[in-house]
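# Model the structure of this input:
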Amino acid sequence: MVTLGVRVSTKQRGLGPWLKAEFQQLGPTFIKIGQFISSRRDIFGEELSASFADLQDRVAPLDSAGAQEMLGCLRQRAGARIIEIDAEPFAAASIGQLHRAVTADGRTLAVKLKRPGIERILRSDLDMLRGMANVMVAAGVENGQSTVDLLEEIAAFLVAETDFISEVRNIQHFGQVYAENGEVQVPRVMPELSCKRIIVMEYVPDMGLATDRKGRALQARQLMTFFVQQVIDTGIIHGDPHPGNIGFSAAGKVVLYDFGNMITMTREERFAIKELVYLLAAGNTEEIIALLPAVGVTVVDAEGVRAYIAAYLQYVRTLDIGVFSEVVGTSNTRLPLVYSGRIFRVLRVFGTLEGMCKELDPAFNYFTLLDTMASSLVLDEEFLMHKVTKDLKRVLGG
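I've put the predicted structure just below:
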């Protein structure tokens with residue numbers, strides 16, 4: 001379980017820039033942790049998190065010999081199917097890097113190479129950090145357990161990113177689930193040429209963001225609508241939608257990259273989320289509170305939750321984080337909710353998306369989207385049957 005609360009003192013304003021520079025020097029694990037800190041203002045506070053907001057995977061490419069050894073193995077496996085592979089990567093990150101390749105029939109591919117020894121590096125770094133976090137807990141350091149919880153979340157996230165076999169399956173599954181969705185494009189993967197160290201897939205270039213205000217507003221709505229659909233319609237969710245993993249094709253479709261992390265929600269969780277969307281649109285606070293356990297949220301302060309929901313209903317109209325200031329109060333105030341791991345991961349996905357959508361369209365808000373989704377539930381026969389059955393059980397005391 002992850003307990004949320006703003007915990008870092010504003011006296012530590014100089015800490016963020018220093019930590020950011022140190023994390024960049026320490027390498028892949030710490031860069032990823034910095035990216036997590038940037039998305040966790042609820043735990044680390046505005047001052048510290050803002051310092052990491054522009055932290056990216058500024059990692060040097062693999063040494064030439066290591067990259068060429070893997071590319072040589074791919075050439076042998078592919079035979080005449082691949083006629084050209086660029087020696088230099090067009091992108092490099094903490095887990096791996098990407099090279100362009102060309103097939104005999106003229107198609108362009110993206111070849112993802114895993115950084116040699118990355119699992120060992122991550123394991124060593126994470127073991128060290130676990131030791132430090134456990135010392136914090138044993139010493140009674142404030143917010144120590146939340147740090148341990150967050151670290152375990154980061155560990156699971158990073159380990160998943162290094163599993164290329166699983167990522168190939170994720171790409172295939174995601175592509176199948178959304179094959180009929182005309183708003184999204186998932187690169188086709190070539191499992192017969194992929195392995196534990198290499199993923200070979202279709203190269204789908206990102207054509208960039210729209211330059212006009214109307215086009216950018218449409219892209220923001222398109223992006224958020226698709227991720228809401230992932231949650232309530234299929235329960236198969238891309239778990240790492242940062243700006244480097246999302247693009248737009250020449251045809252205007254959302255293009256998703258990097259499928260190392262996926263979130264799968266159960267049918268019951270999806271129905272609970274649908275009902276929550278309906279209740280948020282209606283502004284029904286008491287029913288929202290009653291529903292929270294079904295979506296993985298534990299209420300620890302009922303009065304605090306009522307104030308928090310009121311602030312949230314205002315927030316979805318504006319995305320102005322300032323509406324929470326009276327609820328959160330001082331830097332030592334905990335939020336009145338505790339989130340389970342899966343719903344927390346979903347919330348982190350949408351926290352990242354909010355930033356992207358707000359950058360695309362400063363006027364972006366959730367309310368119009370929530371209202372549209374709530375209206376569509378009236379025509380959702382499966383959801384209506386679930387709702388009627390649930391209401392009957394409650395009336396009959398079942």
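# where does the closest residue to residue 285 other than its chain neighbours land in three-state SS?
Spatial nearest neighbour of residue 285, excluding adjacent residues (CB to CB, 6 or more residues apart in numbering): residue 309 at 5.1 Å. The way it works is simple: take the backbone N, C-alpha and C, and place the C-beta from them, glycine included. Here residue 309 is recorded as helix under DSSP: H, G, I helix; E, B strand; the rest coil.
# and residue 309, what does it touch?
Residues in contact with residue 309 (CB atoms under 8 Å, 6 or more residues apart in numbering) are 285, 288, 289.
# Ranking by neighbours, what's the top pick from those?
Most neighbours among the contacts of residue 309, by other CB atoms under 10 Å: residue 288, with 22 neighbours.
# Now that one: closest residue in space that isn't a chain neighbour?
In space, residue 288 is closest to residue 279, 4.9 Å off (CB to CB, 6+ apart).
# count of neighbours near residue 281?
20.
# try the one 10 residues further on
When neighbours are defined as other CB under 10 Å, residue 291 has 17 of them.
# picking up where we left off before, take the contacts of residue 309 and keep only those in helices.
Judged by DSSP state H, helices contain the following of the contacts of residue 309: 285, 288, 289.
# Would you mind checking which of these is nearest to residue 350?
residue 288 (16.7 Å; CB to CB).
# Hmm, residue 281 and the closest one touching each other?
No: counting by CB atoms under 8 Å, residue 288 sits too far from residue 281 to count as a contact (10.8 Å).
# Can you show me the CA trace of the helix or strand containing the residue nearest to residue 288 as PDB?
Element membership for residue 279 (DSSP states H and E) is helix 267-282. What follows is helix 267-282, C-alpha atoms only, in PDB (Å, rounded to 0.1, in the frame of the first residue of the first chain):
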ATOM      1  CA  ARG A 267     -13.500  -6.900 -15.100                       C
ATOM      2  CA  GLU A 268     -14.700  -6.000 -11.600                       C
ATOM      3  CA  GLU A 269     -12.200  -3.200 -11.300                       C
ATOM      4  CA  ARG A 270     -13.200  -1.800 -14.700                       C
ATOM      5  CA  PHE A 271     -16.900  -1.800 -13.700                       C
ATOM      6  CA  ALA A 272     -16.000   0.000 -10.500                       C
ATOM      7  CA  ILE A 273     -14.000   2.600 -12.400                       C
ATOM      8  CA  LYS A 274     -16.900   3.100 -14.800                       C
ATOM      9  CA  GLU A 275     -19.200   3.600 -11.900                       C
ATOM     10  CA  LEU A 276     -16.700   6.100 -10.400                       C
ATOM     11  CA  VAL A 277     -16.700   8.000 -13.600                       C
ATOM     12  CA  TYR A 278     -20.500   8.200 -13.500                       C
ATOM     13  CA  LEU A 279     -20.500   9.400  -9.900                       C
ATOM     14  CA  LEU A 280     -17.700  12.000 -10.500                       C
ATOM     15  CA  ALA A 281     -19.700  13.400 -13.400                       C
ATOM     16  CA  ALA A 282     -22.800  13.500 -11.100                       C
END
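# Next, the buried residues of it.
Neighbour-count burial for helix 267-282 flags 269-281 (criterion: 16 or more other CB atoms under 10 Å).
# Please apply the same query to stretch 352-365.
Those would be 352, 353, 354, 355, 356, 357, 360, 361, 364, 365, for stretch 352-365 by 16+ other CB under 10 Å.
# any chance of those residues in JSON lines, plus distance to residue 84 and pLDDT?
Below are these laid out as JSON lines (distance: CB to CB, whole Å; pLDDT from 0 to 100):
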{"residue": "352", "distance to residue 84": "35", "pLDDT": "81"}
{"residue": "353", "distance to residue 84": "36", "pLDDT": "87"}
{"residue": "354", "distance to residue 84": "41", "pLDDT": "83"}
{"residue": "355", "distance to residue 84": "38", "pLDDT": "79"}
{"residue": "356", "distance to residue 84": "34", "pLDDT": "83"}
{"residue": "357", "distance to residue 84": "38", "pLDDT": "88"}
{"residue": "360", "distance to residue 84": "36", "pLDDT": "89"}
{"residue": "361", "distance to residue 84": "40", "pLDDT": "90"}
{"residue": "364", "distance to residue 84": "42", "pLDDT": "87"}
{"residue": "365", "distance to residue 84": "47", "pLDDT": "83"}
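# following the helix or strand bottoming out on mean pLDDT in the chain, which helix or strand comes up?
The helix or strand of the chain with the lowest confidence, counting by mean pLDDT, DSSP states H and E, is strand 2-5 at a mean of 40. Next helix or strand after strand 2-5 toward the C-terminus (DSSP H and E): helix 15-26.
# ok, residues contacting the very next helix or strand once past that following helix?
Using DSSP H and E, the helix or strand that follows helix 15-26 in sequence is helix 28-38. Residues from elsewhere that reach helix 28-38, judged by CB under 8 Å, 6+ apart: 19-20, 22-24, 44, 48-50, 52-53, 55-59, 94-95, 115, 118, 121-122, 125-126, 129, 150, 153-154, 157-158, 242.
# Now do the helix holding residue 279: which elements does it pack against?
With contacts defined as 3 or more CB pairs under 8 Å, 6 or more residues apart in numbering; DSSP states H and E, helix 267-282 has these neighbours: helix 285-291, helix 302-318, helix 367-377, helix 381-396.
# Could I get the buried residue list for the third one?
For helix 367-377, the buried set under the neighbour-count rule, 16+ other CB under 10 Å, comprises 367, 369, 370, 373, 374, 377.
# Now residue 100: which helix or strand?
With DSSP H and E as criterion, residue 100 is part of strand 96-103.
# Can you dump the C-alpha atoms of the helix or strand just after that strand in PDB for me?
Using DSSP H and E, the helix or strand that directly follows strand 96-103 along the chain is strand 108-114. Output in PDB follows, covering the C-alpha atoms of strand 108-114 (Å, rounded to 0.1, in the frame of the first residue of the first chain):
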ATOM      1  CA  THR A 108      12.000   0.200 -42.100                       C
ATOM      2  CA  LEU A 109      12.500  -1.500 -38.800                       C
ATOM      3  CA  ALA A 110      13.500  -0.400 -35.300                       C
ATOM      4  CA  VAL A 111      15.900  -2.600 -33.500                       C
ATOM      5  CA  LYS A 112      16.000  -2.300 -29.700                       C
ATOM      6  CA  LEU A 113      19.200  -3.500 -28.000                       C
ATOM      7  CA  LYS A 114      19.400  -4.200 -24.300                       C
END
